[in-house]
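Engineer: predicted structure and sequence below. I'll ask about it afterward.
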Amino acid sequence: MLKIGSLLLLSFITSVALVPGRAEAAPQILGLMASNGMPTPLHCRDGLCSGYFASFCLQEAREAPADGQSYRVAPGGNLVLNATLADGRQLRLHAEGLAVIRVQEGYLSVQIGLPAAKLEALDVPTGSASLALEVGPETSILPVEQAGDPDPQSPEEIAPSAGGPDLGSLERGYRRGAMGGPFDQCAAA
């Protein structure tokens, strides 16, 4: 009897291990709180210069993102790197294409990092410069597309986050954000 039970247990474990991971639908588009003249300092460590930024969900019909979910800046988004060099010179560079974005603390915060090697290639010395990142108004971030996603973000869903003509719930989300209102549309999903 013990052998049959062990055999059944082994059979179950093997079948679970061989089942391919199920594909998840893309999570919600997030909005980033604008800096409004107060850029967030970046700290460089282990090849990444990063900081934490407040975020909020913009799509009630989509699931909340999981911690660690990768995102990218939506078209029309604005991230500007402010660098003060050791000699006092100041640089301002668009950083949308450099950003590595990961969800932290549920959907309320994201870590935005800029790879130090890419900054060095742009003549921004990460070891001796003071770095800060500025988020422009109405900057949205999109979940990075996953292979096999059964329900990816559609062009119609993405268009408003890129400044399209009908902002709908995205516009309402940004209005709440600008007025200091709750950013809990993720909780409603």
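Structural biologist: Sure, I can see it.
Engineer: dead centre of this structure: give me the residue that sits there.
Structural biologist: Nearest to the mean C-alpha position of the chain, by CA atoms, centre = their mean, lies Tyr71 at 3.6 Å.
Engineer: is it true that that residue touches Leu30?
Structural biologist: Yes: using CB atoms under 8 Å, Tyr71 is in contact with Leu30, at 6.6 Å. All C-beta spots, glycine's among them, are computed from the backbone N, C-alpha and C.
Engineer: find residues that contact each of those two.
Structural biologist: When contacts are counted by CB atoms under 8 Å, 6 or more residues apart in numbering, Tyr71 and Leu30 are jointly contacted by 65, 103, 110, 141.
Engineer: where does pLDDT dip in the protein?
Structural biologist: 1-23, 162-189 (pLDDT under 70).
Engineer: go with 80
Structural biologist: Applying pLDDT under 80 to the chain flags the ranges 1-24, 105-107, 160-189.
Engineer: any chance you could map the strands in it?
Structural biologist: 30-32, 40-41, 43-45, 48-57, 70-73, 79-84, 90-94, 100-104, 109-115, 130-135, 140-143 (DSSP state E).
Engineer: what sits against the residue nearest to the centre of the chain?
Structural biologist: Per CB under 8 Å, 6+ apart, neighbours of Tyr71: 30, 65, 101-103, 110, 141-144.
Engineer: of these, grab the buried ones for ChimeraX.
Structural biologist: Remark: buried members of the contacts of Tyr71, expressed as a ChimeraX selection using 16 or more other CB atoms under 10 Å:
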select :30,65,101,102,103,110,141,142,143
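Engineer: of the contacts of Tyr71, which is the nearest to Ala83?
Structural biologist: Proximity of these to Ala83 (CB to CB) peaks at Ile101, which lies at 19.4 Å.
Engineer: separation between the closest one and Ala95?
Structural biologist: 11 Å (CB to CB, to the nearest Å).
Engineer: same thing with Glu63?
Structural biologist: 28 Å.
Engineer: neighbour count winner among those two?
Structural biologist: Between Glu63 and Ala95, counted using other CB atoms under 10 Å, Ala95 has the larger neighbour count: 23 against 15.
Engineer: pretty sure the more buried one sits against Leu133.
Structural biologist: Yes: using CB under 8 Å, Ala95 is in contact with Leu133, at 6.6 Å.
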